[in-house]
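*Asks:* What shape does this take:
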Amino acid sequence: WETPSRAKVSDEFEIIVTLGIKGGFGIIDIEFPVPDQFDLVDDNNVHVVFKGYRNLSRKISYRVRAMRRGVFDFKTVRYTYYPALGIISKTSKEYAESHRIEVYPNIPVLPRMGRSFKTPMVMPSGSVSRLGPVSTDFDSIRDYQFGDPYRTINWKASARTGVLENCL
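*Replies:* This next block holds a predicted model:
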C-alpha cells in the first residue's frame, strides 16, 4: 500500500496498491475499502483483472477525498475469484491489512495585511480624556465628591482652602 499517513480535510490523495497473485487461472474481482468519511473522486475502487498461467503483479490506484477529520483505517480488501474453466465454483474472501490515515482540519492561514494600521494624523499617545479640560474657565467651584474625576479638581483653590474643590 502506498498511502499518505496524514492529510487535511478536503484534500485529494491517491491510494496505490501493489497486487501479487500466484496460482490460479481466471478472473479476479477486487474491491478496495473506502470509509464513509471519504469520497471517491474520479476512479473506481472495484477492479477486475485476468490472471493467466503466470504470476501476476500489478499496481492499482484510486483517488479519494477526505471529508471529515479523524483517524481512519483502510482495512480489508475483498476479492472474488472466478475460475476460467468453470470446474470450480467462485471463491470470495477478504484479505485483512490495515493502513491508518490521520485527517486534520483544514485551517486556512490568514494573509498578512499590506497596509499599516497606524493613522496618518499625529495624535497624542495618551487618551484625550486624561489630558484634562481644554480651558481653565469654569462656572463655579464645589466640594469634591467621591467618584468625581481627578482632572476636574481645582488644585489652586484646594491649596487655599485645605479641602479638595471641584470645578464645574
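*Asks:* quick one, phi psi at residue 163?
*Replies:* The phi and psi values for residue 163, taken as degrees, to the nearest 10, are phi -120, psi 140.
*Asks:* Please name the bridge partners of the closest residue to it other than its chain neighbours.
*Replies:* With sequence-adjacent residues excluded and distances taken as C-beta to C-beta, 6 or more residues apart in numbering, residue 163 is closest to residue 143, at 6.3 Å. Using the backbone N, CA and C atoms, a C-beta is placed for each residue, glycine as well. For residue 143, the beta-bridge partners are residue 165 (DSSP bridges).
*Asks:* Going forward, count from 46.
*Replies:* Taking 46 as the first residue, the last one we looked at is residue 188.
*Asks:* Which residues are in contact with residue 188?
*Replies:* 208, 209, 210, 211 (C-beta atoms under 8 Å, 6 or more residues apart in numbering).
*Asks:* Tell me the spacing between the first one and residue 56.
*Replies:* In this case it means residue 208. Between residue 208 and residue 56 the computed distance is 75 Å (C-beta to C-beta, to the nearest Å).
*Asks:* The two - which one has more neighbours?
*Replies:* residue 56 (14 against 9; other C-beta atoms under 10 Å).
*Asks:* Specify the beta-bridge partners of residue 109.
*Replies:* Residue 109 has these beta-bridge partners by DSSP bridges: residue 58, residue 85.
*Asks:* Just list the residues touching it, thanks.
*Replies:* So residue 109 contacts 57, 58, 60, 79, 83, 84, 85, 86 (C-beta under 8 Å, 6+ apart).
*Asks:* Distance-wise, check it relative to residue 117.
*Replies:* Applying C-beta to C-beta, the value for residue 109 to residue 117 is 10 Å.
*Asks:* buried stuff in stretch 121-138?
*Replies:* 122, 124, 126, 127 (16 or more other C-beta atoms under 10 Å).
*Asks:* Tell me the one among those nearest to residue 202.
*Replies:* Set against residue 202, the nearest of the buried residues of stretch 121-138 by C-beta to C-beta is residue 122 (93.7 Å).
*Asks:* my read: residue 105 touches residue 75, true?
*Replies:* Yes. Using C-beta atoms under 8 Å, residue 105 and residue 75 qualify as a contacting pair, with a distance of 7.2 Å.
*Asks:* Buried among the contacts of residue 109? Need that as a selection in PyMOL.
*Replies:* Applying 16+ other C-beta under 10 Å to the contacts of residue 109, the buried members can be selected in PyMOL as follows:
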select buried, resi 58+60+83
